[in-house]
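Student: okay, here's the prediction I keep looking at, along with the sequence it came from:
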Amino acid sequence: MSKVTDPVEITIDELGGKGDGIAYHSGGSLYVPYALAGERVRVTPMGERGDLEDVITASPQRADPICPLFMTCGGCSMQHMDADLYGAWKASLVRDALASRGFDDVPINPLISTKPGGRRRAVLTARLIGRRLLFGYHEARSNRVVDVDRCPLLVPALNALLPRLADFLPLFVTKKNEARITMLATSSGVDLSLDDVKDMRNGQDYLKAVEMAETLDLARLTANGDILLERRPPLLSMGGAEVSPPPGAFVQAEESAELAMAKMVVDSIGDAKRVIDLFCGSGTFALRLAKKAQVWALESEDAAIKSLEKAWRFGNQLKGIKMERRDLFRRPLLAAEMKKFDALVFDPPRAGAKAQCEEIAKTHIPVVVAVSCNPGTLARDLRILVDGGYKIASVTPVDQFLYSPHVECVATLTR
């Protein structure tokens, strides 16, 4: 357990990569959440961390948070920055990650911003404490759940659902498990996926689940991976097609961010006629690329491939997409398999695509576009490609996850 001391007054020296203020105190670094560089603050040291007790002298770049739960709810950590400081800090996360791999002069485009009220996908937690339901996000640096009946980041459809859904959840949440609630707003209604809840497939529990879906006008209701009721296919528009993603599957959380990234991807490949899309998911980029190119789309999740295939078959004026289920971490696409292609796109999970990039670096594909939600692993992967002969044409940060240390990037490389 960290040793707790009496409160002390300190000056914050700089801002860290996770948004904490950093002060050099008692011979070491003290990390203080919600504090800004240059501020004089009172904190209670707890090992390497300090709990912020009071801001004595505030930075001129301190802003009023947009949410009353800020500093309690762990969903956001950076609402106390004004827009200029926030944008510069987000850009610095990308710049510093690239510099750590020797990229000191890479052209980084201005940050593409998003606005509150645009998050269409949210993952929340439900827990029963006695008879009381806690439903919301985890508290900052804690397993405790903060009740949330409205989140300023979410689209109106999800905010309207939150308090009504809370009335039904006690019927399905068990005292043994912390339930995971995934909500996705689609053009045909909200897609709701419940995990770690009681078995709702039979008897009265199933009838209650159907009643909930009807009352809340859900498009689809899934529990523990089983689709209980699909009143309407949940649909997302991707290029010339409508995609019904698998229950609880990854999709880009913010539509405007997805559109911006997709435009960069499509523009970057230029006149390429044969394109590879690695880690393609349900077709975020593949379906848009197929409007002008033949696409080979690879993904490890069978359900995602099936969603892509159905969307493509009923799409409008799309060229061919060859789809393959393949675990690219265990069996990366080999350089010899990529000989006939003139552009490649990859959008891996946070772990990046080290083994796959080692194979891409051996090819002569003229254009490679890397999409990433982790600047650290992106920089590592770019280093592999550059060492293999590629040049970085541009890197564009995209602020898909507002007020958090996460930042998306689209990097274009040429050979």
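Tutor: Perfect, I can see it now.

Student: so the chain: which segments form each domain?
Tutor: Per automatic domain parsing, the domain ranges recorded for the chain read 8-87, 107-114+254-414, 121-230.

Student: mean confidence score for the first one?
Tutor: Model confidence over domain 8-87, given as mean pLDDT, is 93.

Student: can you give me the end-to-end span of it?
Tutor: The stretch domain 8-87 measures 30 Å between its terminal residues, going by CA to CA, to the nearest Å.

Student: got it, and the longest one?
Tutor: One end of domain 107-114+254-414 sits 14 Å from the other (CA to CA).

Student: re earlier: any chance of CSV for the domains of the chain, columns distance to Ser100 and mean neighbour count?
Tutor: For every residue, glycine as well, the C-beta is placed using N, CA and C. Listed next are the domains of the chain as CSV, based on distance: least, CB to CB, whole Å; neighbours: other CB atoms under 10 Å:
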stretch, distance to Ser100, mean neighbour count
domain 8-87, 10, 17
domain 107-114+254-414, 6, 20
domain 121-230, 25, 17
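
Student: redo these as TSV? Include distance to Gly240.
Tutor: Output for the domains of the chain, formatted as TSV (distance: least, CB to CB, whole Å):
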stretch	distance to Gly240
domain 8-87	33
domain 107-114+254-414	4
domain 121-230	15
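
Student: would you confirm that Pro163 contacts Val148?
Tutor: No: checked against CB atoms under 8 Å, the pair Pro163 and Val148 is beyond contact range at 9.5 Å.

Student: show me the shaky parts of this structure.
Tutor: When residues are selected by pLDDT under 70, those of the chain lie in 1-4.

Student: hey, where'd the helices end up in it?
Tutor: Secondary structure of the chain (DSSP state H): helices at 83-99, 156-168, 203-216, 255-269, 286-289, 302-313, 354-360, 375-387.

Student: closest to Ala179 out of those helices?
Tutor: Shortest distance between Ala179 and the helices of the chain, using CB to CB, is found for helix 156-168: 11.4 Å.

Student: and the closest one, what does it pack onto?
Tutor: Using 3 or more CB pairs under 8 Å, 6 or more residues apart in numbering; DSSP states H and E, the elements in contact with helix 156-168 are strand 132-138, strand 179-186, strand 189-195, helix 203-216.

Student: what's the closest of these to His406?
Tutor: His406 lies closest to strand 132-138 among these, at 14.6 Å (CB to CB).

Student: neighbouring strands - and their directions - for the closest one?
Tutor: Note on strand 132-138: by DSSP bridges, its sheet partners are strand 121-129 (antiparallel), strand 145-147 (antiparallel).

Student: closest one to Ala213 among those strands?
Tutor: Ala213 sits nearest to strand 121-129 of all these, at 16.7 Å, using CB to CB.

Student: export that closest one as CSV, just CAs?
Tutor: In CSV, the C-alpha atoms belonging to strand 121-129 read as follows (Å, rounded to 0.1, in the frame of the first residue of the first chain):
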residue,chain,number,x,y,z
ARG,A,121,-21.1,3.5,-29.1
ALA,A,122,-20.6,3.1,-25.3
VAL,A,123,-19.7,0.3,-22.9
LEU,A,124,-21.0,0.7,-19.4
THR,A,125,-21.1,-1.4,-16.3
ALA,A,126,-24.0,-2.5,-14.1
ARG,A,127,-23.6,-3.9,-10.6
LEU,A,128,-26.1,-4.8,-7.9
ILE,A,129,-25.2,-3.7,-4.3
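
Student: pull the residues that contact it.
Tutor: Strand 121-129 is contacted by residues 133-138, 145, 148, 151, 154, 158, 169-170, 173-175, 178-185, 251-253 when judged by CB atoms under 8 Å, 6 or more residues apart in numbering.

Student: let's see that with 7 Å instead.
Tutor: Residues outside strand 121-129 that contact it (CB atoms under 7 Å, 6 or more residues apart in numbering) are 133-138, 145, 154, 158, 169-170, 173, 175, 178-184, 251, 253.

Student: what of stretch 39-46?
Tutor: The contact list for stretch 39-46, computed with CB under 7 Å, 6+ apart, reads 2, 4-5, 7-12, 21, 30, 32, 35, 50-59.

Student: okay, the helices and strands packed on helix 156-168 in JSON lines with distance to Leu98 next?
Tutor: As requested, the helices and strands packed on helix 156-168 are exported to JSON lines (distance: least, CB to CB, whole Å):
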{"stretch": "strand 132-138", "distance to Leu98": "31"}
{"stretch": "strand 179-186", "distance to Leu98": "32"}
{"stretch": "strand 189-195", "distance to Leu98": "36"}
{"stretch": "helix 203-216", "distance to Leu98": "45"}
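
Student: His364 reaches Arg415, doesn't it?
Tutor: Yes: in terms of CB atoms under 7 Å, His364 counts as a neighbour of Arg415; the distance is 6.3 Å.

Student: quick one on the thing from earlier: who wins for proximity to Phe346 among the helices and strands packed on helix 156-168?
Tutor: Phe346 lies closest, by CB to CB, to one member of the helices and strands packed on helix 156-168: strand 179-186, at 23.9 Å.
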